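Peer 1: sequence-free structure coming up:
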């Protein structure tokens, strides 16, 4: 059985380090201020497609009631619905935990408290029903995912409910055709050179595939061990383990990790490292998966279930990868994103190694970032008993100060 996704908001200090631009959104009733993080969709301004959708809602006299912002990002549609009085309550659904954390921040900073923020993929069960569902459709998601987002809304709308979408202009005709399928009534279309906005409703719920992300499945090899995996559209490592994964596995194995009982994996993609650990670690009892991507977590958990892993599995949806070590673990395996900066990397590593929460951390990043990170780590007195450069990457093992004496001799 797959574990339930645990949505955990990151510490405010970490979010401060990941904060980027600020943007204003002016509507009829008030102006909203948005804080936008680095590394998310439209990280410099409120997206112009979203702005066009909101203008159309203003002109149309948006219906009041319960609103769902599907793929909410940092929250502009849901919060605009609350601020304008369209929504008595609003919910935002988002796959990216970083975007969700900033949606929560933006709700608090604008004094809009009657909002719920949900981490998940497409439409998870238990959402309830809404009077309106709106979405800024992700252009590169693919036809099957578009169908799920657009037509899957039927099960979560009230009988007289309406759905709204905005899409980039090159996809306008294709999306309009989808909304002309039996059981769907296209009510309104507004075209511009950049975007199309559409309003529609359902006469009945169309048939929609619930698994549009599934890609390849088969046997993969990592450091001589074979494991079965299903990969996903929208995730990397669909045809082989990445060089980052290979380097992390090498650092883990050569550091004595195969005899461990507890492992946390941060940003593990579709689950190569998790499935490999479940295969090669004979004493493994606990696997904790942490990722900002809900799809990666779902895919990893399902792959562990296929591997018949009998130990405990936790799935934490968060950008704060250090929470994987919060309850203590023998090893934490993590990739670092250089776009987030040295400050965020150091913050996470301090938390991971604090008071022996993680006995050892294996990490990997690109070599340029790794060189700067190594200097910063040494200035802070962190112990680096093993490191390696390979294929443009820098990898290292860090040891908690509580475990340096017993670990250093083994790792060297």
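Peer 2: Yes, it's here. Predicted model only: the values in this text are computed from it and were never measured. Numbering: from 1, shown residues only.
Peer 1: in the protein, which spans are helices?
Peer 2: 12-18, 48-60, 76-83, 97-109, 143-151, 172-178, 243-254, 272-280, 294-306, 341-353, 367-379, 404-411 (DSSP state H).
Peer 1: just tell me which of those helices ends up closest to residue 210.
Peer 2: helix 143-151 (7.1 Å; C-beta to C-beta). C-beta: built from backbone N, CA, C; applies to glycine.
Peer 1: state which strand of this protein is the longest.
Peer 2: Ranked by number of residues, the top strand in the chain under DSSP state E is strand 157-168.
Peer 1: quick one: residue 151 and residue 143, what's the gap?
Peer 2: Between residue 151 and residue 143 the distance is 12 Å, computed by C-beta to C-beta, to the nearest Å.
Peer 1: comparing those two, which shows the higher neighbour count?
Peer 2: Higher neighbour count among residue 151 and residue 143: residue 151, with 22 against 12, using other C-beta atoms under 10 Å.
Peer 1: for the more buried one, give me its contacts.
Peer 2: Residue 151 sits next to 178, 181, 184, 205-206, 208 when contact means C-beta atoms under 8 Å, 6 or more residues apart in numbering.
Peer 1: buried only: go through those for me.
Peer 2: 178, 184, 206, 208 (16 or more other C-beta atoms under 10 Å).
Peer 1: between the contacts of residue 151, which is nearest residue 84?
Peer 2: residue 184 (26.5 Å).
Peer 1: residue contacts, the closest one?
Peer 2: 151, 178, 200-203, 206.
Peer 1: mind putting the residues you listed in a markdown table, distance to residue 7 and pLDDT included?
Peer 2: Output for those, formatted as a markdown table (distance: C-beta to C-beta, whole Å; pLDDT from 0 to 100):
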| residue | distance to residue 7 | pLDDT |
| --- | --- | --- |
| 151 | 26 | 96 |
| 178 | 30 | 95 |
| 200 | 30 | 97 |
| 201 | 30 | 97 |
| 202 | 29 | 97 |
| 203 | 34 | 94 |
| 206 | 29 | 93 |
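Peer 1: and the furthest pair within the residues you listed?
Peer 2: So, the contacts of residue 184 by C-beta to C-beta: farthest apart are 178 and 203, at 15.1 Å.
Peer 1: burial of the closest residue to residue 127 other than its chain neighbours, as a residue count?
Peer 2: Once flanking residues are discounted, residue 127 sits nearest to residue 156: 5.2 Å by C-beta to C-beta, 6 or more residues apart in numbering. A count of nearby residues for residue 156, using other C-beta under 10 Å, gives 20.
Peer 1: my guess is residue 156 contacts residue 132. True?
Peer 2: No: if you go by C-beta atoms under 8 Å, residue 156 and residue 132 don't touch, sitting 10.7 Å apart.
Peer 1: overlap of the contact sets of these two?
Peer 2: Residues touching both residue 156 and residue 132 by C-beta under 8 Å, 6+ apart: residue 68.
Peer 1: closest to residue 388 out of the helices of the chain?
Peer 2: It's helix 243-254; of those, that one is closest to residue 388 (C-beta to C-beta) at 6.8 Å.
Peer 1: report pLDDT for residue 402.
Peer 2: Listed pLDDT for residue 402 reads 50.
Peer 1: ignore what I typed, I meant residue 355.
Peer 2: 66.
Peer 1: do the same with the one 5 residues further on
Peer 2: Reading off the confidence values, residue 360 has pLDDT 94.
Peer 1: got the phi and psi for residue 268?
Peer 2: Main-chain dihedrals, residue 268, degrees, to the nearest 10: phi -90, psi 10.
Peer 1: what distance do you get for it to residue 349?
Peer 2: Residue 268 is 17 Å from residue 349, where distance means C-beta to C-beta.
Peer 1: so between these two, which is more surrounded?
Peer 2: Neighbour comparison, residue 268 and residue 349: the larger count goes to residue 268, with 27 against 24 (by other C-beta under 10 Å).
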